[in-house]
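Participant: Here is my input, please return the structure:
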Amino acid sequence: MERDLRYQNVFSGRLVTTLDVQPSSAGDVDARGEPIRQLLLALIFLGAAGLVAELLLLEHTENVYQWMPLVMLALVLVFSLLLGFRPSPRVLRLFRGLMVLVILVGLVGIYLHYDGNREFELEMDPQASGFDLLWKVLHGATPTLAPGAMVQLGLLGLVFAYRHPLLRLRA
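Facilitator: This is a model prediction of the structure:
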């Protein structure tokens, strides 16, 4: 017998129990997931497309480090389309791994932007240090926190994949 878990719905204030929800068998799994998952996937796709456009407009293509986010975002676009039109457990697992890589690339980007701005500011004023240097670095020519959009996109992808119905199926 299943335990009856009770919680309060934060939007309606209504008390909900697990007995209110009808369990479904693995055979009943909708491969695309619930409507909220479809909306999350659309947001991921649109976010990736917007970031690709932004990076291309900024000509973010000078070296390998600048190509990394473009390659990751292109893969996000491909996997988003696959999950939208040809979902499978294998594609979802690969998508989750890709999202972790997207987060890592975003974190590396934050570091590279910060480091580039810091080097520039120290060339301009070798005596700069502490909060004054930090403030100048954060306001530098290269937007220090812009790669955080990649981190956010990756986290959104992991939210999409969290307890996805496809993961109940065998690949």
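Participant: Just the pLDDT for residue 167.
Facilitator: Predicted confidence (pLDDT) for residue 167: 85.
Participant: check contacts around it.
Facilitator: Neighbour list for residue 167: 89, 92, 93, 161 [criterion: CB atoms under 8 Å, 6 or more residues apart in numbering]. Just so you know, the C-beta spots here come from the backbone N, C-alpha and C atoms, and that holds for glycine as well.
Participant: Pull the most distant pair out of the residues you listed.
Facilitator: 89 and 161 (10.8 Å; CB to CB).
Participant: Show me which of these two is the more surrounded one.
Facilitator: The residue with more neighbours, out of residue 89 and residue 161, is residue 161; 22 against 17, by other CB atoms under 10 Å.
Participant: For the residue nearest the centre of the chain, list the residues it contacts.
Facilitator: Nearest to the geometric centre of the chain sits residue 154, at 1.7 Å (CA atoms, centre = their mean). Shown here is residue 154, whose contacts under the criterion CB under 8 Å, 6+ apart are 99, 100, 101, 102, 103, 106.
Participant: let's go with 7 Å and repeat that
Facilitator: Residue 154 sits next to 99, 100, 102, 103, 106 when contact means CB atoms under 7 Å, 6 or more residues apart in numbering.
Participant: can you check residue 75 too?
Facilitator: Contacts for residue 75 (CB under 7 Å, 6+ apart) come out as residue 98.
Participant: Secondary structure element holding it?
Facilitator: If you go by DSSP states H and E, residue 75 is part of helix 64-85.
Participant: Can you list the buried residues in that helix?
Facilitator: For helix 64-85, the neighbour count (16 or more other CB atoms under 10 Å) marks 68, 69, 72, 73, 75, 76, 77, 79, 80, 82, 83 as buried.
Participant: by how many degrees do the longest helix seen in the chain and helix 64-85 diverge?
Facilitator: Secondary structure of the chain per DSSP state H: the longest helix is helix 89-124. Helix 89-124 and helix 64-85 are oriented at 150 degrees to each other (axes from the mean of the first three to the mean of the last three CA atoms, to 10 degrees).
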